[in-house]
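K.L.:
sequence and predicted structure, then a few things I'm wondering about:
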Amino acid sequence: MPSSLRQGVIEFALLGYVLMVVALLTLSPFRFAWPTTWEVSWWGDVGDAPANALLYLPVGYFLRLALPRTTARAVLYALLFGATLGITTETLQLFLPTRLSSLSDVLGNAFGAGAGAVLCGAVRRRFDRTLPAALTLEHPLLNLVYLTVPLMWLTGVGVDAEPARVWLLAPLGGMGAVILTGLWRYRFAVAADLPRPALALAVLTWFLFGALTGLAYGPLVVAQCAVGIFVLTMLLLYRARLTDKPERRFEHKVLIGVWPFFTCYLVMLVWWPYPAPFVPFDFAFGYPELIFNRDYTIRIAEQLGALTLLGYLLAESHGRSVLPPQQLIRRNMLRCAIWALFLELAHGLMPNDRASFTRWAMSSAAGGFGVMLYATQLSVMRILRGRA
């Protein structure tokens with residue numbers, strides 16, 4: 001595979017992941033039916049325009065990342081892509097009785113995608129000036145931050161039936177704080193001369209962007225989480241001792257602080273709010289009765305997103321192994337399958353839930369996708385190092 005194509009694989013994979021989340025947020029519970037009357041609003045609820053724009057911001061961001069740097073009209077392409085995707089979504093919503101199609105949503109989608117492309121260009125210019133070739137080592141950890149945002153969106157949407165689940169944003173936010181402050185300590189502070197307050201503000205902005213969908217259901221909890229994450233970020237920043245020059249092998253040190261937060265998230269994903277008491281273990285091969293239930297669709301999507309993140313995190317944690325790459329990939333996929341099995345065993349003890357072989361298989365495949373995502377990124381890093 002040509003190096004230029006391989007460098008776009010991970011960006012397109014992340015774009016596809018974001019598009020899947022957008023589809024779940026806008027089209028679930030997927031109960032399509034031929035409408036008795038065609039209802040189209042030109043302006044709809046204008047108050048939803050900011051949310052529609054923010055929802056498509058990462059779409060434009062990752063689209064521009066995936067396009068070659070020499071693309072002259074990347075923002076225009078993002079606008080057209082956002083508008084086309086918005087029109088497709090609004091057309092499909094005509095066949096969803098609970099949804100209302102409107103022109104303002106399409107305009108918000110196009111604007112959000114275009115803004116995301118502009119933001120990506122600004123970030124690239126900033127990094128090109130201050131971090132020439134320095135980000136080739138951080139990309140794996142930065143991708144963990146990217147993958148966490150859609151997961152936070154799903155968490156926010158999934159709390160409709162159980163508002164207490166908005167607390168799942170806390171461990172995800174803690175993960176992001178640990179990763180970004182670790183990157184600052186070992187790379188950004190020296191290479192980019194990035195001050196502590198600027199980094200703390202960036203972490204807080206990232207968390208609030210990810211927690212956007214949860215604000216409607218638990219604004220007080222989101223505010224408490226934001227305060228806690230800001231305090232955690234400041235503690236990590238001011239307790240850290242800076243190195244004299246950027247370190248090349250620091251990922252393991254950062255991941256030691258990431259795993260407790262992610263493990264806490266996985267436990268909460270199944271058992272929060274804590275059930276009292278547990279019920280006798282229940283198991284089913286499939287889950288056909290829940291396929292078109294919106295709440296369970298979001299829950300399953302949450303678990304698939306969590307396993308994608310787990311696969312990437314496992315691969316990153318074992319990425320410096322001396323094992324051959326293919327053997328390491330198989331081992332990490334097996335680890336994902338074992339983690340998914342433990343989650344299903346936990347599901348089997350929950351009231352109104354059960355363990356599912358089908359969900360286990362889907363979760364294992366999602367973990368494998370995360371592993372392959374990291375393997376692709378590692379190949380890209382080697383190509384870029386070779387060029388340097």
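P.N.:
Yep, it's here.

K.L.:
just give the nearest non-adjacent residue to Leu144, would you?
P.N.:
Leaving aside its sequence neighbours, Leu144 sits nearest to Ile179 (C-beta to C-beta, 6 or more residues apart in numbering; 5.8 Å). All C-beta atoms are positioned from the backbone trio N, CA, C, and that covers glycine.

K.L.:
how about Thr181?
P.N.:
Nearest non-adjacent residue to Thr181, counting by C-beta to C-beta, 6+ apart: Leu236, 4.2 Å away.

K.L.:
my guess is the one you found contacts Val178. True?
P.N.:
Yes: with contact defined as C-beta atoms under 8 Å, Leu236 reaches Val178; the gap is 6.9 Å.

K.L.:
any idea whether Phe278 is helix, strand or coil?
P.N.:
Following DSSP: H, G, I helix; E, B strand; the rest coil, Phe278 is assigned to coil.

K.L.:
tell me who's in contact with it.
P.N.:
Residues in contact with Phe278 (C-beta atoms under 8 Å, 6 or more residues apart in numbering) are Leu349, Met350, Pro351.

K.L.:
where do the strands of this structure begin and end?
P.N.:
Along the chain, the stretches classed as strands by DSSP state E are 40-41, 101-102, 283-284, 355-356.

K.L.:
redo those as TSV? Include mean neighbour count and mean pLDDT.
P.N.:
Converted to TSV, the strands of the chain look like this (neighbours: other C-beta atoms under 10 Å; pLDDT from 0 to 100):
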stretch	mean neighbour count	mean pLDDT
strand 40-41	13	68
strand 101-102	21	76
strand 283-284	14	86
strand 355-356	20	90
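
K.L.:
for Arg165, which of those is the nearest?
P.N.:
Of all the strands of the chain, strand 355-356 sits nearest to Arg165, with 19.5 Å by C-beta to C-beta.

K.L.:
so which residues make contact with that closest one?
P.N.:
Phe281, Asp282, Phe283, Ala284, Phe285, Gly286, Tyr287, Glu344, Leu345, His347, Gly348.

K.L.:
residues contacting the nearest residue to Leu25 once chain neighbours are set aside?
P.N.:
Leaving aside its chain neighbours, Leu25 sits nearest to Val157 (5.7 Å; criterion: C-beta to C-beta, 6+ apart). The neighbours of Val157, taking C-beta under 8 Å, 6+ apart as the test, are Leu24, Leu25, Thr213, Ile298.

K.L.:
export only the CA atoms of stretch 90-106, formatted as CSV.
P.N.:
The C-alpha coordinates for stretch 90-106 follow below in CSV (Å, rounded to 0.1, in the frame of the first residue of the first chain):
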residue,chain,number,x,y,z
GLU,A,90,-33.2,14.5,6.9
THR,A,91,-34.6,12.5,4.1
LEU,A,92,-34.3,9.3,6.2
GLN,A,93,-36.0,11.1,9.1
LEU,A,94,-39.1,11.5,6.9
PHE,A,95,-39.7,7.8,7.5
LEU,A,96,-39.2,8.1,11.3
PRO,A,97,-42.5,9.1,13.0
THR,A,98,-40.7,10.6,16.0
ARG,A,99,-38.4,12.9,13.9
LEU,A,100,-39.0,16.2,12.0
SER,A,101,-37.0,17.1,8.9
SER,A,102,-36.0,20.7,8.4
LEU,A,103,-33.7,22.9,6.2
SER,A,104,-32.1,24.5,9.3
ASP,A,105,-30.7,21.2,10.3
VAL,A,106,-29.0,20.8,6.9
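
K.L.:
list the buried residues of that stretch.
P.N.:
Glu90, Leu92, Gln93, Leu94, Leu96, Arg99, Ser101, Ser102, Ser104, Asp105, Val106 (16 or more other C-beta atoms under 10 Å).

K.L.:
which stretches of the stretch 251-388 of the chain form helices?
P.N.:
Secondary structure of the stretch 251-388 of the chain by DSSP state H, counting those that start in this stretch: the helices cover 251-271, 294-317, 325-347, 357-387.

K.L.:
save the contacts of Val157 as JSON lines, and put in pLDDT and distance to Val221 too.
P.N.:
Shown next, in JSON lines, are those (pLDDT from 0 to 100; distance: C-beta to C-beta, whole Å):
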{"residue": "Leu24", "pLDDT": "75", "distance to Val221": "22"}
{"residue": "Leu25", "pLDDT": "75", "distance to Val221": "20"}
{"residue": "Thr213", "pLDDT": "77", "distance to Val221": "13"}
{"residue": "Ile298", "pLDDT": "78", "distance to Val221": "18"}
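
K.L.:
let's see which of these end up in helices.
P.N.:
Leu24, Leu25, Ile298 (DSSP state H).

K.L.:
ok, and the most crowded of those?
P.N.:
Using other C-beta atoms under 10 Å as the neighbour test, the ones in helices among the contacts of Val157 are led by Leu24, with 24 neighbours.

K.L.:
and that one, how far is that from Leu212?
P.N.:
15 Å (C-beta to C-beta, to the nearest Å).

K.L.:
residues near the closest residue to Trp271 other than its chain neighbours, how many?
P.N.:
For Trp271, ignoring the flanking residues on the chain, the nearest one in space by C-beta to C-beta, 6+ apart is Ala346 at 6.3 Å. Residues contacting Ala346 under the criterion other C-beta under 10 Å number 17.
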